[in-house]
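Asks: Build me a structure from this.
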Amino acid sequence: MKLRIVAVIALLLAGPLATAQNILTKSALPAAPTSESGDDVFVPITKYFSAGNSDALSAWFADNLEIAVLAKESDASRAQARQIVKTFFDTYTPRSFDINHTAGRANMKYALGTLKAGGETFNVTIFMSCKDDSYKIKQLKIERF
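Replies: Here you go, the predicted model:
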């Protein structure tokens, strides 16, 4: 413990404050929920869309989210949104889902994807935000291609 305090004081005296601050915060903070590119949050979501797994997908939903499926828009709770997506998957059995584009900043992520389901092709838009070190889907839109 004394050695750690001495090392921190030495860093503060020898180098810029930012260096010591970086060392301290790296050991004190939990790991980020995704890689710097942010694409990792979309890996499980892609898997759940492809499989038509509304229960697993709904675990990524925020407590309340905006959802639009085939031009029917609503603000919904997680349970309501899960049921909407389940109904869609029951009607249009998913065959594949591919992310075509991602963008965003550290606490917001955006993805555009293509879902092939029920013999049709759909555009999927996903907007996620980070709160309490966890990414959640705040907006989900599924529309015909």
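
Asks: what's the weakest-modelled helix or strand in this protein?
Replies: For the chain, scoring each helix and strand by mean pLDDT, DSSP states H and E identifies helix 17-28 as the least confident one, at a mean of 37.

Asks: What is the subsequent helix or strand relative to that helix?
Replies: Once the chain leaves helix 17-28, the next helix or strand it forms, by DSSP states H and E, is helix 42-51.

Asks: quick one: average confidence on that following helix?
Replies: Across helix 42-51, pLDDT averages out at 96.

Asks: so what does whichever helix or strand comes after it touch, helix or strand wise?
Replies: Of the helices and strands lying after helix 42-51 in sequence (DSSP H and E), the nearest is helix 54-58. Taking 3 or more C-beta pairs under 8 Å, 6 or more residues apart in numbering; DSSP states H and E as contact, the helices and strands that helix 54-58 lies on are helix 42-51, helix 78-91. C-beta coordinates here come from the backbone N, C-alpha and C atoms, glycine included.

Asks: For the longest one, which residues meet the burial criterion?
Replies: Going back to what we said before, that points to helix 78-91. Applying a neighbour-count criterion of 16 or more other C-beta atoms under 10 Å, one finds 78, 80-82, 84-86, 88-89 buried in helix 78-91.

Asks: Quick one: mean pLDDT over that helix.
Replies: In this model, helix 78-91 has an average pLDDT of 97.

Asks: Restrict it to CA atoms and write it as CSV.
Replies: Taking Å, rounded to 0.1, in the frame of the first residue of the first chain, the C-alpha atoms of helix 78-91 are listed here in CSV:
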residue,chain,number,x,y,z
ARG,A,78,-39.7,-3.7,-23.2
ALA,A,79,-42.4,-6.4,-22.8
GLN,A,80,-44.6,-4.7,-25.4
ALA,A,81,-41.7,-4.4,-27.8
ARG,A,82,-40.8,-8.0,-27.3
GLN,A,83,-44.3,-9.1,-28.2
ILE,A,84,-44.3,-6.8,-31.3
VAL,A,85,-41.0,-8.3,-32.5
LYS,A,86,-42.2,-11.9,-31.7
THR,A,87,-45.4,-11.3,-33.8
PHE,A,88,-43.2,-10.1,-36.6
PHE,A,89,-40.9,-13.1,-36.4
ASP,A,90,-43.9,-15.5,-36.2
THR,A,91,-45.3,-13.9,-39.4
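
Asks: Thank you, goodbye.
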